[in-house]
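J.: the amino acid sequence is not available; the structure is as follows:
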């Protein structure tokens, strides 16, 4: 599976999509690779941000969806911490994490991953991947496997590198000479 995921990402990178499209597609790839129930992408700067739901399991409860959409108004403390440290955060037992939210625990969120995907043109991109116990598709009480974490880190790293290359290609436009 991991070879397929990385090949899919490489194919995407070869197309050189704009940063927002790249990060949205990478978040979708992350959601499938991690067998997530929900995945979203924060895009923003210090003043404003948007949140895009990229994947949601059809079996996910409307209560969880409502909660996640409400929480998406600003990055969670864990998403901000992942960004500040420029490192993914994997929460294997959400209810025992010190930054866990009581409502999220009550709704059945079990595991979460927060993956900084990089910066471009003053914007920051953070993927959020969540599994909950309310969906019957997997035994979602299990932690992220080492393979899933390695794969998600690899995807995030490749996207970060692509955004960094793209940012370095965006330089000042040449000034026009006048006679």
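T.: Perfect, thanks for sending it. What you are looking at is a predicted structure, and each value in this text was computed from that prediction instead of being measured. Numbering: from 1, shown residues only.

J.: beta-bridge partners for residue 56, please?
T.: residue 38 (DSSP bridges).

J.: report the longest helix in the protein, please.
T.: helix 146-169 (DSSP state H).

J.: and the contacts of that one?
T.: 1-2, 5-6, 9-10, 13, 16, 19, 22-23, 26, 29-30, 33-35, 88, 90, 113, 115-121, 125, 127, 129, 144 (C-beta atoms under 8 Å, 6 or more residues apart in numbering). Bear in mind the C-beta positions are built from the backbone N, C-alpha and C, glycine included.

J.: show me which of the residues you listed are buried.
T.: Neighbour-count burial (16 or more other C-beta atoms under 10 Å) applied to the contacts of helix 146-169 gives 5-6, 9, 13, 19, 22-23, 26, 29-30, 33-35, 88, 90, 113, 115-120, 125, 127, 129, 144.

J.: so which of those residues sit within strands?
T.: 90, 113, 115, 116, 117, 118, 119, 120, 125, 127, 129 (DSSP state E).

J.: what's the most distant pair in those residues?
T.: Maximum pairwise distance in these, criterion C-beta to C-beta, is 24.3 Å, between 90 and 120.

J.: what's the closest non-adjacent residue to residue 144?
T.: residue 90 (5.0 Å; C-beta to C-beta, 6 or more residues apart in numbering).

J.: you'd agree the one you found is up against residue 113?
T.: Yes. Residue 90 is within contact range of residue 113, at 5.1 Å (criterion: C-beta atoms under 8 Å).

J.: shared neighbours of these two, which are they?
T.: Counting by C-beta under 8 Å, 6+ apart, the residues touching both residue 90 and residue 113 are 144, 149, 152.

J.: the second one: neighbour count?
T.: The one in question is residue 149. 16 (other C-beta atoms under 10 Å).

J.: how far away is it from residue 18?
T.: 28 Å (C-beta to C-beta, to the nearest Å).

J.: do residue 107 as well
T.: 34 Å.

J.: the more surrounded of the two?
T.: Counted by other C-beta under 10 Å, residue 107 and residue 18 do not tie: residue 107 has more neighbours, with 19 against 11.

J.: quick check: closest non-adjacent residue to that one.
T.: Residue 107's closest residue in space is residue 64 (C-beta to C-beta, 6+ apart), at 4.8 Å.

J.: who's in contact with that neighbour?
T.: Counting by C-beta under 8 Å, 6+ apart, the residues that residue 64 touches are 37, 38, 107, 108, 109, 132, 134.

J.: what residue ranges in this structure score low on pLDDT?
T.: 1, 71-74, 134-141, 169-179 (pLDDT under 70).

J.: many thanks, have a good one.
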